[in-house]
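Q: below: sequence and its predicted model.
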Amino acid sequence: MNLPALALEKRALTVFCALLFLVGGMFSFFQLGQLEDPEFTIKTAGIITLYPGASPEQVELEVTDRIETKLQEMGEVKNVYSQSRPGMSIIKVDIKEEYWADRIGQVWDVLRKKIRDVEPSLPPGAGPPQVGDDFGAVFGFLLAVTSDGYTYAELENHVKALRKELGLVPGVARADLWGAQDRRVYIDMSETQLSQLGLTSEQLVRTLQTQNMVVDAGRVDFQTQRFRIAPTGEFDSAEAIGELSIAGTETPDTSGAGRRDEIIRIKDFATVTSGYVDPPTHRMRYNGRSGIALAMAPASGANVVAVGRAIDARLAELTAELPIGIEVERISWQSDLVNDSIRGFVVNLTQAVVIVLVVLALTMGWRVGVIIGISGLVFPILGTFVVMAIVGIDLHRVSLGALIIAMGMMVDNAIVVADGFTVKLARGMDRKQAAIEAASQPAGALLGATVVACMAFFPIFLSSASSGEYAGGLFTVVAISLLLSWLFALTLNPLLCHDWLPGPKPGAPRGDAFGGAFFQAFRGLLGKAIRFRLLFMGSAVGLLLLSLFGFRFVPQMFFPDASRAQVMIDYWMPEGTRLQQTAGNLLELEKELSQRPEVTAVATFVGKGPPRFYLPVSPEDPNPAYAQIIVNVQSFGDVDGLIAHMSSWAGENVPEAMVRVRKYAVGAFDDWKLEARFSGPADASPQVLRRIADEAMAILRANPNAM
């Protein structure tokens, strides 16, 4: 027995299964993980090695080149590129695109082993290479904490307390600070005074190191217990360091008996103060006020909307306890964006069902419209949610987009079956037999057409490139939904047609269902096309060639721009500019932004890029001459206007810096659309390379398409 006949025979079982899909689909929808973007493997690692006091040439030859040579032994490496700066080596490693999340962990283990192998060969004074391979962590919840009337230490204490509490919220995997400076204790002294006391700076350093060491002083047994001996003297404040005495110092004896030893404390010849790293390595401002950013990353596969609600609730409790003057503001809130996407999908689904009902009601009757809307849209989509929950596909930009794309094709199978039933019923066929034949006769052809529609997206799934990993779910979700639409068209649809659609009115003639004026006109047009087939085929081929020619004028992009109500501004001062100078020069630009009516907030990150709060955008490397400004606007419609204004304004008012104003994109986001590298042999003169690069720059500046 074929599938449609079985569905009619096992009516109760079919209805029961349909109800299971109905309930299970709605339950699965609320249980699915909700994300902004699909989880995507960032195949880049960063290696930072400090070499204090070394020139860029020394850093390159003694550190960077050795590490790069070792990394090139890895067959998984695609590109290695580096920057050698005074006292610092920064190396980036790109792994080949075919290494996805299931294999990338092993690659990072091999990379770390290579770094450990090369570490003993680094010069004295070079610190251990620091490997960062967690660039894929997306801190979708980004806060700015600022203060008015509080010291930096007090602000830092409040931010750390917030991080501790928010890090305990269910669904939060990480909570990090951005902009918090490292604490330092400064000992200011005079070399002349040291020499008069018979001291050296090396002696002072050794004394400090030995005094503050943690040592095992042994244990004492007393009756049935063993007690640990804990020596005192650990530094717990800057004043404690000042009280440290240096014994064995020889000074002249005023009695004339020669020289004697005297105990001298550090505070007697030096000033001890506590503070922070000066100059700072990076700095953050929010709406012109200095602050610290608090970034939180949701757990893998978590429902971001639910996590956002939990953070909102806990944050409301915590901010109520903060003193007046400590302000907590949102820079980016991923749950709001995801919630808008889910809401937009529900609206699109509702609109699709209504449009199907209206169109089919006008052309085939309202009963047919309701049947097709139920069996061709509602149940396939709910069934897709069930399968997505089983195979572990979350709700995100790609899966929701796939469902919206599939909506236009889901109803095709149901329309064919419902139309076949009405035609056969009008010709006088038995009701049950009409339902069975309307579904079973075109079943094979419908399955073939469904598979063809699914395979149109298969190349994306098959791609081993990063775009395949990001958008591979497009094929999976489309295939699931379309195959389920075929299944429901052969089971639920004929059952609904059998029970809901009325038969011909008593006494109505049983004529040709295609005998109307519309079908007669179409039959005449089809006959002429067959009669003048050479002309018809020639015209079709001509239109095909014309479309191929016109395709070259269609803008081509795999991923469109994102609909975020945010603008990103990159700001580069000349290399070597102090961080304080970079931060000071940004004040005028921030002032211009604050005066724009469409701007709601301005967050400035100086010294390096902000935390990765949006998956496609990689944070910039540490650079005191660099800053990035995140501008929040009223709506996405304000983005293009602000970009045009700020690009023009920066060109006229900020000639000392390179300023780039851009919007966010979807998917694999390239920071630069065009990149060129000029390299030569080891003995090549840097001046020659710069001259060639300047010639290339002149070519680009002369091109009207380059900004």
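A: Perfect, thanks for sending it. Numbers count the residues shown, from 1 in each chain.

Q: got the domain ranges for this structure?
A: Per the record, the chain has its domains at 3-31+364-503, 44-132, 514-550, 566-673, by automatic domain parsing.

Q: nearest to D312, of those domains?
A: Minimum separation from D312 across those (CB to CB) falls at domain 566-673, 16.6 Å. Where C-beta positions appear, they are placed from N, C-alpha and C, glycine not excepted.

Q: tell me how far that closest one lies from the chain's centre.
A: 18 Å (CA atoms, centre = their mean, to the nearest Å).

Q: what does stretch 49-69 give?
A: How far stretch 49-69 lies from its chain's middle: 32 Å, per CA atoms, centre = their mean.

Q: for N212, find the nearest of the domains of the chain.
A: Smallest distance to N212 across the domains of the chain (CB to CB): 20.3 Å, for domain 44-132.

Q: ranking the domains of the chain by burial, who's on top?
A: Highest mean neighbour count among the domains of the chain (mean count of other CB atoms under 10 Å): domain 3-31+364-503, with a mean of 19.

Q: how long is that one end to end?
A: Across domain 3-31+364-503, the terminal residues are separated by 23 Å (CA to CA, to the nearest Å).

Q: pLDDT averaged over that domain - what is it?
A: Mean pLDDT, computed over domain 3-31+364-503, is 89.

Q: can you put the domains of the chain in a markdown table and add distance to A702?
A: As requested, the domains of the chain are arranged in a markdown table below (distance: least, CB to CB, whole Å):
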| stretch | distance to A702 |
| --- | --- |
| domain 3-31+364-503 | 33 |
| domain 44-132 | 27 |
| domain 514-550 | 29 |
| domain 566-673 | 17 |
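
Q: ok, now which ones touch the most centrally placed residue in the chain?
A: Geometric centre of the chain, nearest residue: L615, 1.0 Å, by CA atoms, centre = their mean. For L615, the set of contacting residues under the criterion of CB atoms under 8 Å, 6 or more residues apart in numbering consists of 36-37, 40, 136, 138.

Q: from the residues you listed, which is closest to R174?
A: In terms of CB to CB, no member of the contacts of L615 lies closer to R174 than V138, at 10.0 Å.

Q: tell me the pLDDT of the closest residue to that closest one other than its chain neighbours.
A: For V138, ignoring the flanking residues on the chain, the nearest one in space by CB to CB, 6 or more residues apart in numbering is L615 at 5.0 Å. According to the prediction, L615 has pLDDT 82.

Q: also the one 5 residues further on?
A: According to the per-residue confidence, E620 scores 87 in pLDDT.

Q: could you pull up the residues touching it?
A: When contacts are counted by CB under 8 Å, 6+ apart, E620 is found next to 570, 608-609, 626, 628.

Q: please name the residues that touch the residue nearest to it when sequence neighbours are not counted.
A: Once its chain neighbours are removed from consideration, E620 has its nearest residue in G609; the separation is 3.5 Å (CB to CB, 6+ apart). With contacts defined as CB under 8 Å, 6+ apart, G609 is in contact with 618-621, 626, 628.
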